[in-house]
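Q: sharing a model that was predicted from the sequence below.
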Amino acid sequence: MKYFFSAVLLGSCLVHSGALMATNSLKVATFNVSMESENYLPRGSALQPALLSQLLAEGSHPQIRNIASIIQHVRPDVLLLNEFDYISQPEQGVQLFIRNFLQKAQHGQDPIDYPYFHYSTVNTGQPSGFDLDNDGKVSANGADAWGFGQYPGQYGMVVLSRYPINLSKSRTFQHFKWKDMPGYLKTSKADGSDWYSADAWQQMPLSSKSHWDLLIDVKGTPVHVLVSHPTPPVFDGKEDRNGKRNHDEVRFWVDYLSGNQANYIYDDQGTKGGLAEKQRFVVLGDLNSSAVEGDSYKEAIQGLIGHSRIDGNFIPKSNGGKANSPTNPQGAYHTAAWRMRADYVLPSSYGFTIKDGGVFWPLKGETLDFTVADRESSSDHRMVWLELEITD
C-alpha cells in the first residue's frame, strides 16, 4: 500500500482571505459531512466512485451547499471533515469544494476561505487480500478491505485550516499495525481460535481510516491537531471485531498522550513515541463512541475525555439535540441524529482556556434550520465546535 502525505496551499502562502479571529483566539471544529460518492447515488444505482468529484465541479448540489452554509455560519479556523472521499488530485476534490462552495455565499452566509488543507490516503476500501469477515470468500472491498469501504478512499478525511500546516513536524499513523499495541482487545471465533488468520493479523492496521497529528502554526503558536475516525462498533457479529477495533483506535490517543505509555507507537516514517509534554493540542473526530450511551466499549473514550492532559469538562450542546431526544437527559449533548455523542473537540488543558462552544443543531424557525432537517439535507451528524483562548 503506497503511503501518500500532502498539504496544499491555495493561492499565495503569504496571504489569508477573510478576517481571522483575535490573535489569542482559535475556533476549532469537527464535522462528519457524509460527502462520499455512494451517499449521493439513487437507491439501486451502480457504484460511481468519481461522483463526488463531478458534483463538486458542478458546484450546485443542494446537500453540499447546505454543508458549506453551516461551515460559513460557524466559521471555524481549523476544521476536520470526516467522510470526505479521498480524491488523489486536489484540484478534482477538496479544491473544488473550497472554490465552488465555501468561497461562494450560501443561503445568505458570508463566503469563507481555507488557504491550507491536509488530505491523504486512508485504509477504507483498500483491498487486504484476506477474508477478514470470515464469510468464506475474499472480496476486493467492503468488509474485506483494511477499513470498510466500497472503493479506496471512501469515508476519507480532510483538515481545512486558515493557518499554515507544518508538514515537517506532522505525523501520520495509517500503517501502524494493530498487533503492535500492547494489550490490544483480541478477536476470537466461537471456538476460541483467532478471528484473523496469522498472515492477515501480521499486516492488519489499527486505524480503519488513519490517525494524524498535524502541527498548525497559529501566528507563531504551535497547535497539534489529533484527528481520526474510528470504525463504528457495530455491523459485525458476536465476535465484536468492530467494537474492539473502535476501542483500540480511540485508546491510541490515550496512549499517545501518556508519556512512556506511548513508547510502542511508531508513525509512517518510523519515528517512535507520543506527544511531548507542554504541547497545545486538540483531539478532533467522529470517534463513534460515547462514554454513557451506545454499543462501544466505554473504557477508551472515558479514558480520553478524562485524561489528565485534556480539558473534558466543557461538553458542547444544542437545543436542537435536546428537542430531538426530549426524554433523554443526554439529548442536548448528542452530535448525531441517531441520538449519541459521537463527535468530539477535546482541547489540551495546557495552553488553552475554553471560551465557548456548541453543536450546530438549530431548532425549527432558527437560522439554517432546513440544513439539519434530515440526512439528505446535510448529514446525520452535526458540527461540533469550540472557541479556545490561547494562554501562556
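A: Noted; the coordinates are in hand. Numbers count the residues shown, from 1 in each chain.
Q: what mean pLDDT would you report for the lengthiest strand in the chain?
A: Ranked by residue count, the top strand of the chain under DSSP state E comes out as strand 25-35. Here strand 25-35 scores 98 as its mean pLDDT.
Q: residue furthest from the geometric center of the chain?
A: Asp191 (35.5 Å; CA atoms, centre = their mean).
Q: and that one, what helix or strand is that in?
A: Of the helices and strands defined by DSSP states H and E, none includes Asp191.
Q: same deal with Val250?
A: helix 241-256.
Q: count of neighbours near Phe173?
A: Phe173 is flanked by 19 other residues according to other CB atoms under 10 Å. Heads up, the C-betas are built off the backbone N, CA and C, glycines and all.
Q: relative to Ser60, how far out is it?
A: 37 Å (CB to CB, to the nearest Å).
Q: hey, where'd the strands end up in the protein?
A: In the chain, the strands defined using DSSP E lie at 5-9, 25-35, 78-84, 116-120, 157-161, 165-172, 211-218, 221-228, 281-286, 343-347, 352-359, 384-390.
Q: compare these and give me the one nearest Leu51.
A: For Leu51, the closest of those is strand 25-35, at 10.5 Å, according to CB to CB.
Q: partner strands of the closest one and their direction?
A: Strand 25-35 pairs in its sheet with strand 78-84 (parallel), strand 384-390 (antiparallel), by DSSP bridges.
Q: right, so of those, which gets closest to Gly147?
A: Per CB to CB, nearest to Gly147 of the strands paired with strand 25-35: strand 78-84, 12.2 Å.
Q: need the residues that contact the closest one.
A: Contacts with strand 78-84, where a contact means CB atoms under 8 Å, 6 or more residues apart in numbering, come from 26-36, 39, 71, 94, 97, 114, 119, 155-163, 216, 223, 225, 227, 229, 282, 284-286, 343, 379, 381.
Q: thinking again about what came up before, with only the CA atoms kept, save the longest strand of the chain in PDB.
A: This file holds the C-alpha atoms of strand 25-35, laid out as PDB (Å, rounded to 0.1, in the frame of the first residue of the first chain):
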ATOM      1  CA  SER A  25      -8.500  33.000  19.900                       C
ATOM      2  CA  LEU A  26      -8.900  29.900  17.900                       C
ATOM      3  CA  LYS A  27     -12.100  28.200  16.800                       C
ATOM      4  CA  VAL A  28     -11.800  24.500  16.100                       C
ATOM      5  CA  ALA A  29     -14.500  22.200  14.800                       C
ATOM      6  CA  THR A  30     -15.200  18.700  13.600                       C
ATOM      7  CA  PHE A  31     -18.000  17.700  11.100                       C
ATOM      8  CA  ASN A  32     -18.900  14.300   9.600                       C
ATOM      9  CA  VAL A  33     -20.300  15.600   6.300                       C
ATOM     10  CA  SER A  34     -21.200  12.300   4.600                       C
ATOM     11  CA  MET A  35     -19.500  13.600   1.500                       C
END
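Q: quick one, what contacts Gln330?
A: Per CB under 8 Å, 6+ apart, neighbours of Gln330: Val292, Glu293, Arg341.
Q: contact partners for the first one?
A: Contact criterion CB under 8 Å, 6+ apart gives Lys298, Gln330, Arg341 as the residues in contact with Val292.
Q: so what's Leu368 up against?
A: Contact analysis of Leu368 by CB under 8 Å, 6+ apart lists Asn66, Ser69, Ile70, His73, His107, Gln109, Pro362.
Q: ok, those residues vs Ile390, which is closest?
A: Ranked by distance to Ile390 (CB to CB), the contacts of Leu368 are led by His73 at 23.4 Å.
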